[in-house]
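Novice: the amino acid sequence is not available; the structure is as follows:
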(Lines give C-alpha, C1' and ligand atoms only; values in the text may rest on other atoms or scores of the structure.)
Protein backbone atom coordinates (compact mmCIF):
# COMPACT_ATOMS: atom_id res chain seq x y z
CA UNK A 1 0.00 0.00 0.00
CA UNK A 2 1.34 3.44 -0.94
CA UNK A 3 2.04 5.88 1.84
CA UNK A 4 -0.30 8.86 1.91
CA UNK A 5 2.20 10.98 3.81
CA UNK A 6 5.73 12.14 3.06
CA UNK A 7 8.37 14.10 4.94
CA UNK A 8 8.07 17.87 4.59
CA UNK A 9 11.68 18.20 3.41
CA UNK A 10 11.08 15.64 0.65
CA UNK A 11 8.03 17.47 -0.63
CA UNK A 12 9.92 20.77 -0.50
CA UNK A 13 12.76 19.32 -2.59
CA UNK A 14 10.31 17.86 -5.09
CA UNK A 15 8.54 21.21 -5.39
CA UNK A 16 11.84 22.98 -6.07
CA UNK A 17 12.81 20.38 -8.67
CA UNK A 18 9.44 20.66 -10.40
CA UNK A 19 9.54 24.46 -10.52
CA UNK A 20 13.05 24.35 -12.01
CA UNK A 21 11.97 21.75 -14.57
CA UNK A 22 8.93 23.79 -15.55
CA UNK A 23 11.14 26.84 -16.05
CA UNK A 24 13.43 24.76 -18.28
CA UNK A 25 10.44 23.64 -20.37
CA UNK A 26 9.35 27.26 -20.70
CA UNK A 27 12.82 28.17 -21.99
CA UNK A 28 12.59 25.27 -24.46
CA UNK A 29 9.40 26.81 -25.83
CA UNK A 30 11.22 30.08 -26.56
CA UNK A 31 13.84 28.17 -28.56
CA UNK A 32 11.17 26.17 -30.38
CA UNK A 33 9.27 29.33 -31.28
CA UNK A 34 12.37 31.00 -32.73
CA UNK A 35 13.11 27.95 -34.86
CA UNK A 36 9.46 27.83 -35.92
CA UNK A 37 9.69 31.45 -37.11
CA UNK A 38 12.71 30.50 -39.23
CA UNK A 39 10.84 27.58 -40.76
CA UNK A 40 7.80 29.75 -41.51
CA UNK A 41 10.04 32.37 -43.10
CA UNK A 42 11.74 29.85 -45.38
CA UNK A 43 8.64 27.89 -46.42
CA UNK A 44 5.39 29.25 -47.83
CA UNK A 45 4.05 25.77 -48.57
CA UNK A 46 0.47 25.42 -47.23
CA UNK A 47 1.31 22.08 -45.60
CA UNK A 48 4.23 23.65 -43.74
CA UNK A 49 2.20 26.67 -42.68
CA UNK A 50 -0.54 24.39 -41.33
CA UNK A 51 2.05 22.62 -39.19
CA UNK A 52 3.50 25.97 -38.11
CA UNK A 53 0.06 27.01 -36.89
CA UNK A 54 -0.40 23.65 -35.16
CA UNK A 55 2.86 24.05 -33.27
CA UNK A 56 2.17 27.69 -32.41
CA UNK A 57 -1.11 26.58 -30.83
CA UNK A 58 0.57 23.70 -29.00
CA UNK A 59 3.25 26.02 -27.62
CA UNK A 60 0.58 28.39 -26.29
CA UNK A 61 -1.24 25.47 -24.67
CA UNK A 62 1.95 24.11 -23.11
CA UNK A 63 2.96 27.54 -21.79
CA UNK A 64 -0.47 27.82 -20.15
CA UNK A 65 -0.08 24.31 -18.71
CA UNK A 66 3.32 25.25 -17.30
CA UNK A 67 1.87 28.34 -15.63
CA UNK A 68 -1.06 26.41 -14.15
CA UNK A 69 1.09 23.56 -12.85
CA UNK A 70 3.67 25.98 -11.43
CA UNK A 71 0.84 27.78 -9.63
CA UNK A 72 -0.42 24.50 -8.16
CA UNK A 73 3.09 23.50 -7.04
CA UNK A 74 3.66 26.94 -5.52
CA UNK A 75 0.38 26.64 -3.62
CA UNK A 76 1.59 23.31 -2.24
CA UNK A 77 4.88 24.93 -1.24
CA UNK A 78 3.00 27.72 0.54
CA UNK A 79 0.95 25.12 2.42
CA UNK A 80 4.21 23.48 3.56
CA UNK A 81 5.55 26.82 4.76
CA UNK A 82 2.31 27.48 6.62
CA UNK A 83 2.57 24.05 8.27
CA UNK A 84 6.17 24.70 9.30
CA UNK A 85 5.33 28.12 10.71
CA UNK A 86 2.34 26.74 12.62
CA UNK A 87 4.41 23.97 14.21
CA UNK A 88 8.18 24.42 13.77
CA UNK A 89 9.13 21.57 16.12
CA UNK A 90 10.86 18.54 14.54
CA UNK A 91 10.21 19.72 10.99
CA UNK A 92 12.83 17.31 9.62
CA UNK A 93 10.91 14.32 10.94
CA UNK A 94 7.32 15.40 10.40
CA UNK A 95 5.21 14.12 7.58
CA UNK A 96 2.33 15.80 5.80
CA UNK A 97 -0.24 14.66 3.29
CA UNK A 98 1.55 13.51 0.15
CA UNK A 99 1.26 15.82 -2.85
CA UNK A 100 0.29 13.08 -5.29
CA UNK A 101 -1.93 15.40 -7.33
CA UNK A 102 0.95 17.75 -8.05
CA UNK A 103 3.22 14.84 -8.89
CA UNK A 104 0.67 13.40 -11.32
CA UNK A 105 0.26 16.82 -12.97
CA UNK A 106 4.01 17.22 -13.45
CA UNK A 107 4.55 13.68 -14.73
CA UNK A 108 1.66 13.92 -17.19
CA UNK A 109 2.87 17.29 -18.39
CA UNK A 110 6.43 15.99 -18.89
CA UNK A 111 5.19 13.04 -20.93
CA UNK A 112 3.02 15.28 -23.12
CA UNK A 113 5.76 17.86 -23.51
CA UNK A 114 8.34 15.26 -24.49
CA UNK A 115 5.92 13.81 -27.05
CA UNK A 116 5.39 17.31 -28.47
CA UNK A 117 9.15 17.92 -28.50
CA UNK A 118 9.72 14.71 -30.47
CA UNK A 119 6.98 15.59 -32.95
CA UNK A 120 8.35 19.11 -33.33
CA UNK A 121 11.95 17.92 -33.77
CA UNK A 122 10.87 15.57 -36.57
CA UNK A 123 9.00 18.43 -38.25
CA UNK A 124 11.83 20.93 -37.90
CA UNK A 125 14.43 18.44 -39.14
CA UNK A 126 12.33 17.92 -42.26
CA UNK A 127 11.74 21.60 -43.03
CA UNK A 128 14.83 23.48 -41.77
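Specialist: Everything's here; your move. None of these values were measured; they are calculated from a predicted model.
Novice: how close does the residue of the chain positioned farthest from its centre get to residue 33?
Specialist: Distance from the C-alpha centroid of the chain peaks at residue 89, with 33.0 Å (Cα atoms, centre = their mean). In this structure, residue 89 and residue 33 are 49 Å apart, going by Cβ to Cβ, to the nearest Å. C-betas here are computed from N, CA, C, even on glycine.
Novice: circling back to that earlier point, distance check, the residue farthest from the centre of the chain against residue 83.
Specialist: Separation of residue 89 from residue 83 (Cβ to Cβ) stands at 12 Å.
Novice: helix or strand for residue 96, which one?
Specialist: Mapping residue 96 onto the secondary structure by DSSP states H and E places it in strand 95-97.
Novice: looking at the helix or strand that residue 118 is a member of now, give me its mean pLDDT.
Specialist: The secondary structure element spanning residue 118 is helix 100-127 (assigned by DSSP H and E). Over the span of helix 100-127, the pLDDT mean works out to 97.
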